[in-house]
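Trainee: Just need the structure, nothing else, for what follows:
(2 chains)
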Amino acid sequence: DVKVTQSSRYLVKRTGEKVFLECVQDMDHENMFWYRQDPGLGLRLIYFSYDVKMKEKGDIPEGYSVSREKKERFSLILESASTNQTSMYLCASGTWGSTDTQYFGPGTRLTVL
Amino acid sequence: EDQVTQSPEALRLQEGESSSLNCSYTVSGLRGLFWYRQDPGKGPEFLFTLYSAGEEKEKERLKATLTKKESFLHITAPKPEDSATYLCAVGYGQNFVFGPGTRLSVLP
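Mentor: Residues are numbered from 1 along each chain as shown, chains lettered A, B, ... in the order given. So this is what the prediction gives:
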């Protein structure tokens, strides 16, 4: 079974703190993705990576950065957390080709106070 | 503007009452259409990928179909455990765009 794990299920941080969210996949997928999900707004793509050390901006990259030093690990960084970054963060991994699927982790519910 | 919409926004069914969920898209150069199921507080769970018009996929009580501009998720004789939000997503180029989802409730 494909497994995508996220470092925390719930996280509470203060405004201005630096926040790291980590994601690990065990399927040797090239592509990894970070989304946020908010009621009424659905899933929105923050960043994705199609190879180690490669990254591409998604629809809402402002206030976020990412790091991919190893193929299996993709980190999302909030340099200075703000209350409007309170959300559910979802990591996904997948291939782009014959299988074309994305597999999601369990999500991290981040609250910024 | 490229877009993905889903209808209805919410659907309540009695156990055993079959129905369909719709996903419509206006993107160019579709590479794949994806269906996911999401339970509250959890990540989406992959169900199906469809690549071309006329294609169908089945899994238990669910069947997904694809036309040139929309996809349907047919639910036959649903059970309460089918209650969830069903998301569709469209892949084109390097983009993935999710629809807003349909919240399905199946009452016993």
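Trainee: Just grab the bridge partners of B:Ser20 for me.
Mentor: The partner list for B:Ser20 in beta bridges (DSSP bridges) reads B:His74.
Trainee: Quick one: name the residues of chain A near chain B.
Mentor: Contact residues, chain A versus chain B (Cβ under 8 Å from any Cβ of the partner chain): A:4, A:33, A:35, A:40, A:42-43, A:45, A:48, A:50, A:56, A:90, A:92, A:96, A:99-107, A:109. (Glycine included, C-beta is placed from N, CA and C.)
Trainee: Any of the residues you listed buried? List them.
Mentor: Taking 16 or more other Cβ atoms under 10 Å in any protein chain shown as the criterion, what is buried in those is A:4, A:33, A:35, A:42-43, A:45, A:48, A:90, A:92, A:96, A:100-105, A:107, A:109.
Trainee: In chain B, what helix or strand scores lowest on average pLDDT?
Mentor: When the helices and strands of chain B are scored by mean pLDDT, DSSP states H and E, strand B:95-98 comes last with a mean of 81.
Trainee: For the helix or strand that that one is followed by, give me every contacting residue.
Mentor: Sequence-wise, the next helix or strand downstream of strand B:95-98 (DSSP states H and E) is strand B:102-107. Here strand B:102-107 makes contact (Cβ atoms under 8 Å, 6 or more residues apart in numbering or on different chains) with B:6-15, B:21, B:75, B:78-86.
Trainee: Note down every partner strand of strand B:102-107 and its orientation.
Mentor: According to DSSP bridges, strand B:102-107 has the following sheet partners: strand B:10-14 (parallel), strand B:84-92 (antiparallel).
Trainee: So, low pLDDT: which residues of the chain?
Mentor: Using chain A. For chain A, the stretches flagged by pLDDT under 70 are A:2, A:96-100.
Trainee: meant chain B actually
Mentor: In chain B (pLDDT under 70), the answer is B:1-2, B:94.
Trainee: Please work out which residue of it is closest to chain A.
Mentor: Among the residues of chain B, B:Gly43 lies nearest to chain A; the distance is 3.5 Å by Cβ to the nearest Cβ.
Trainee: ok, for that residue, nearest residue in space, not its chain neighbours?
Mentor: Sequence neighbours aside, A:Phe104 is the residue nearest to B:Gly43 in space, at 3.5 Å (criterion: Cβ to Cβ, 6 or more residues apart in numbering or on different chains).
Trainee: Quick check: that neighbour vs B:Pro78, distance?
Mentor: 23 Å (Cβ to Cβ, to the nearest Å).
Trainee: Just the residues of chain A next to chain B: which are in strands?
Mentor: Using DSSP state E, the members of the residues of chain A next to chain B that fall within strands are A:4, A:33, A:35, A:42-43, A:45, A:48, A:56, A:90, A:92, A:102-104, A:109.
Trainee: would you list those residues in JSON lines and tack on distance to A:Cys23?
Mentor: Shown next, in JSON lines, are those (distance: Cβ to Cβ, whole Å):
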{"residue": "A:Val4", "distance to A:Cys23": "7"}
{"residue": "A:Phe33", "distance to A:Cys23": "9"}
{"residue": "A:Tyr35", "distance to A:Cys23": "11"}
{"residue": "A:Gly42", "distance to A:Cys23": "20"}
{"residue": "A:Leu43", "distance to A:Cys23": "15"}
{"residue": "A:Leu45", "distance to A:Cys23": "14"}
{"residue": "A:Phe48", "distance to A:Cys23": "12"}
{"residue": "A:Glu56", "distance to A:Cys23": "16"}
{"residue": "A:Leu90", "distance to A:Cys23": "9"}
{"residue": "A:Ala92", "distance to A:Cys23": "8"}
{"residue": "A:Gln102", "distance to A:Cys23": "12"}
{"residue": "A:Tyr103", "distance to A:Cys23": "11"}
{"residue": "A:Phe104", "distance to A:Cys23": "10"}
{"residue": "A:Arg109", "distance to A:Cys23": "15"}
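Trainee: All set, thanks.
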